[in-house]
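1. next come a sequence and a model predicted from it.
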Amino acid sequence: MDTTTATPRYRPLRFGVTRAVLRDGPGGVRYVRADQPLEGHASRMTDRLVHWAETAPDRVFIARRVRNADGSTGEWHKITYREALDTARRVGQALLDRGLGPDRPVAILCENSLEHAMIAVGCLYAGIPYSPVSSAYSTISQDYDKLRHVLQTLTPGLVFTTDAARYGKAIQATVPADVEVVLGEGSIEGRKTTPLQQLLQTEPTPAVDRAMQATGPDTITKFLFTSGSTKLPKAVINTHGMWCANQQQMRQSMPVLAEEPPVLVDWLPWNHTFGGNHNIGLTIYNGGTYYIDDGKPTPALMAETLRNLREIAPTIYFNVPTGFEAIAHAMKADPVLRRNLLSRVRMFFYSGAALAQPIWDLLHEVQEAEIGERIVMGTGLGMTESSPFAVFITSPDVKSGYIGLPTPGMELKLVPTEGKTEIRYKGPNVTPGYWRNAEATAECFDEEGFFCTGDAVLWIDENNPHKGLKFDGRIAEDFKLATGTFVSVGPLRAKIIAAGAPYTQDAVITGLNRNEVGALLFPTVAVRKLAPHLPADAPLKDVLESAAVQDHFQGVVDALAKQATGSSSRVARLHLMHEAPSIDKGEVTDKGSINQRAVLKHRDALVQAFHDDRLPFTLKPQQEKP
């Protein structure tokens with residue numbers, strides 16, 4: 001019988017960078033770049049907006065479902081490129097009239113919306129920086145400390161929000177009385193505000209066009225704040241030159257972007273670089289269409305995402321691992337979703353955390369059953385400070401952790417650091433620094449001007465560098481046991497997530513200065529399926545402490561112990577976390593990524609109890625029978 005495994009068939013997709021050029025430096029340092037240069041590109045993003053408004057004026061630029069009075073969503077409200085440019089000129093003129101600029105930028109306090117987009121393109125056109133601020137700082141935070149810090153860093157001349165009812169309390173608590181507040185709807189008691197409609201009705205003059213022409217590669221477009229997981233958030237300077245260079249780099253690394261105007265269905269928040277730079281940027285740069293997805297990979301909002309994907313067929317689809325997990329399971333049982341989502345998508349792309357292999361396998365299983373081939377799962381490595389695209393895969397043969405080779409025009413510096421290899425960036429897409437924070441800026445660049453990322457990497461194949469690199473965790477997360485044994489957190493965390501799939505969202509690794517490694521595991525909502533005897537609304541604590549769930553994860557702990565090769569890779573204890581990570585404490589981002597250091601810092605008492613055998617329901621590997 002022939003037991004040969006057939007080579008997987010993929011929907012055709014070209015890869016722009018498949019070979020690397022390397023050179024050696026002193027002390028084991030290596031420099032890596034793509035074997036092709038960065039091609040010519042626009043010097044400002046507004047040139048691309050104007051281009052598409054002239055060449056494809058009636059093409060839809062951005063759309064969002066209409067919000068009904070009862071909170072439900074209806075038909076799509078669409079804005080064409082012609083309409084977007086007209087609005088950009090009107091809003092830009094209104095902002096110019098107010099004398100705004102880098103020292104008095106615009107702060108946007110709301111989720112993704114058409115109104116948010118129109119304020120943003122108005123800022124771009126007039127050359128006035130803006131900052132999309134995490135909505136969680138206003139709507140979930142209880143103390144507003146991060147929002148207050150953001151506004152003190154920016155000193156905005158104007159604050160915009162769509163909804164006074166949701167954001168009014170935060171504005172009252174943090175926005176100085178002399179700062180103008182523009183509202184999409186509603187009013188704030190005791191405060192004078194400006195209706196958005198007033199800006200939209202402003203008649204543009206030649207002054208706004210002159211302002212646009214005066215912008216250039218060094219003009220600041222926006223300030224994107226870091227997550228602030230261990231310190232207060234820093235404002236990353238983003239310029240037209242950075243953004244445009246990065247979009248051209250993406251076109252060369254992902255040629256699919258230039259083959260047809262991309263269509264996106266996307267929920268990723270615009271205050272993050274993935275949603276706000278990568279995805280909005282590729283839409284404008286390549287004349288695409290962006291459908292705002294009001295869903296999210298959470299139990300309450302996932303149905304909206306699935307509804308949108310049954311109706312709108314994307315050409316490229318972006319999400320985080322938890323989103324792909326929900327979509328993989330939904331496609332298996334939903335033929336309409338399967339058929340529409342897979343009808344013309346050329347590439348899936350994930351970021352933010354590790355994608356567990358079982359989810360990857362399920363996606364491929366569903367794809368092969370429906371269309372007879374697989375969809376390439378794109379991934380790479382980047383950060384807010386690199387606009388964000390920096391490193392991308394080189395072939396369809398992708399495994400969890402693979403990141404690939406540098407994008408054209410960018411050089412990597414691989415530096416031996418604390419037993420690992422740190423990856424550093426230099427290129428036209430890298431930020432000049434942090435706004436009003438010279439000390440943090442100086443700390444992040446080395447003596448050769450490379451940005452120090454703190455990310456660690458390994459070669460996929462040490463004998464063939466053209467296969468690229470794979471992720472090896474964050475250097476700052478790694479630690480030593482009391483025995484002096486070094487624990488590599490990234491790879492171990494990925495193993496735990498894979499072993500616990502689909503019931504594991506993330507794992508925080510513990511054991512600093514202890515004799516053994518532990519793991520605090522944050523479960524997914526799917527964990528409730530392991531305890532069907534409990535009510536659907538049973539407290540999560542009761543679910544996690546049920547015999548069925550404990551028995552399942554005992555099996556996970558035992559399986560991990562069998563795979564271990566030593567104390568640094570053996571999970572000697574595991575605890576299921578029922579208390580959600582805190583956004584105020586920086587334990588989690590808007591995208592659901594959990595920060596190791598913040599959790600360990602703020603839950604130190606729990607960690608100590610965990611390792612001192614004072615924490616109930618701690619699972620340990622069972623002793624193997626003789």
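-> Done, it's in.

2. surely residue 341 touches residue 319?
-> No. Counting by Cβ atoms under 8 Å, residue 341 sits too far from residue 319 to count as a contact (11.2 Å). (Each C-beta comes from the backbone N, C-alpha and C, glycine too.)

3. quick check: neighbours shared by the two?
-> Residues touching both residue 341 and residue 319 by Cβ atoms under 8 Å, 6 or more residues apart in numbering: residue 327.

4. residue ranges with poor pLDDT in this protein?
-> Within the chain, the stretches with pLDDT under 70 are 1-5, 228-231, 352-353, 590-592, 623-626.

5. and the residue positioned nearest the centre of it, how far is that from residue 218?
-> The structure's the chain has its C-alpha centroid closest to residue 274; by Cα atoms, centre = their mean the separation is 4.5 Å. Between residue 274 and residue 218 the computed distance is 24 Å (Cβ to Cβ, to the nearest Å).

6. helices along the stretch 1-150 of the chain, start to end?
-> Along the stretch 1-150 of the chain, counting by DSSP state H, counting those that start in this stretch, helices occupy 45-55, 81-97, 114-126, 136-139, 145-154.

7. just name the most buried of those helices.
-> Among these, helix 114-126 has the highest mean neighbour count (mean count of other Cβ atoms under 10 Å), at a mean of 25.

8. what angle do that helix and helix 45-55 make?
-> 110 degrees (axes from the mean of the first three to the mean of the last three Cα atoms, to 10 degrees).

9. chain center to helix 114-126: distance?
-> Its chain's C-alpha centre and that of helix 114-126 lie 21 Å apart, by Cα atoms, centre = their mean, to the nearest Å.

10. what angle do that helix and helix 81-97 make?
-> Computed by the same axes, to 10 degrees, the angle separating helix 114-126 from helix 81-97 equals 70 degrees.

11. follow-up on the earlier one: distance to residue 211 for the helices of the stretch 1-150 of the chain - can I get that in a markdown table?
-> A markdown table is the format used below for the helices of the stretch 1-150 of the chain (distance: least, Cβ to Cβ, whole Å):
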| stretch | distance to residue 211 |
| --- | --- |
| helix 45-55 | 10 |
| helix 81-97 | 6 |
| helix 114-126 | 5 |
| helix 136-139 | 30 |
| helix 145-154 | 20 |
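
12. of those helices, which approaches residue 291 most closely?
-> helix 114-126 (11.2 Å; Cβ to Cβ).

13. now the closest one - C-alpha only, CSV.
-> Only the C-alpha atoms of helix 114-126 are listed here, as CSV (Å, rounded to 0.1, in the frame of the first residue of the first chain):
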residue,chain,number,x,y,z
LEU,A,114,-16.8,56.0,9.0
GLU,A,115,-16.7,59.2,11.1
HIS,A,116,-13.4,58.1,12.6
ALA,A,117,-12.1,57.5,9.1
MET,A,118,-13.2,60.9,7.8
ILE,A,119,-11.5,62.8,10.6
ALA,A,120,-8.3,60.8,9.9
VAL,A,121,-8.2,61.5,6.2
GLY,A,122,-9.0,65.2,6.9
CYS,A,123,-5.9,65.2,9.2
LEU,A,124,-3.8,63.5,6.6
TYR,A,125,-4.8,65.9,3.9
ALA,A,126,-4.2,69.0,5.9
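
14. residue 514 and residue 481 touch, don't they?
-> Yes. Proximity of residue 514 to residue 481 meets the contact threshold set by Cβ under 8 Å, at 6.2 Å.

15. so for those two, which sits in the more crowded spot?
-> residue 514 (20 against 17; other Cβ atoms under 10 Å).

16. tell me, how many residues neighbour the residue nearest to that one when sequence neighbours are not counted?
-> Using Cβ to Cβ, 6 or more residues apart in numbering and skipping the chain neighbours, the partner closest in space to residue 514 is residue 611 (5.1 Å). Counted with other Cβ under 10 Å, residues neighbouring residue 611 total 21.

17. run a quick neighbour tally on residue 213.
-> Around residue 213 there are 11 other residues, counting by other Cβ under 10 Å.

18. list the contacts for it?
-> Going by Cβ under 8 Å, 6+ apart, residue 213 touches no other residue.

19. and it, its phi and psi?
-> The phi/psi pair for residue 213 (degrees, to the nearest 10) reads phi -60, psi -20.

20. roughly how far does it sit from residue 44?
-> Going from residue 213 to residue 44 by Cβ to Cβ gives 9 Å.

21. try residue 558
-> To residue 44, residue 558 is 58 Å away according to Cβ to Cβ.

22. which of the two has more neighbours?
-> In this view residue 558 and residue 44 are compared by other Cβ under 10 Å, and residue 44 has more residues nearby, 23 against 14.

23. the more buried one reaches residue 219, doesn't it?
-> Yes. The pair residue 44 and residue 219 qualifies as a contact (Cβ under 8 Å) at a distance of 6.9 Å.

24. shared neighbours of these two, anything?
-> Joint contacts of residue 44 and residue 219 (Cβ under 8 Å, 6+ apart) are residue 240.

25. isn't residue 417 right up against residue 474?
-> No. Residue 417 is beyond contact range of residue 474, at 11.5 Å (criterion: Cβ under 8 Å).

26. shared neighbours of the two, anything?
-> By Cβ under 8 Å, 6+ apart, residue 417 and residue 474 have these common neighbours: residue 456.

27. the more surrounded of these two?
-> Between residue 417 and residue 474, residue 474 has the larger neighbour count (other Cβ under 10 Å), namely 19 against 14.
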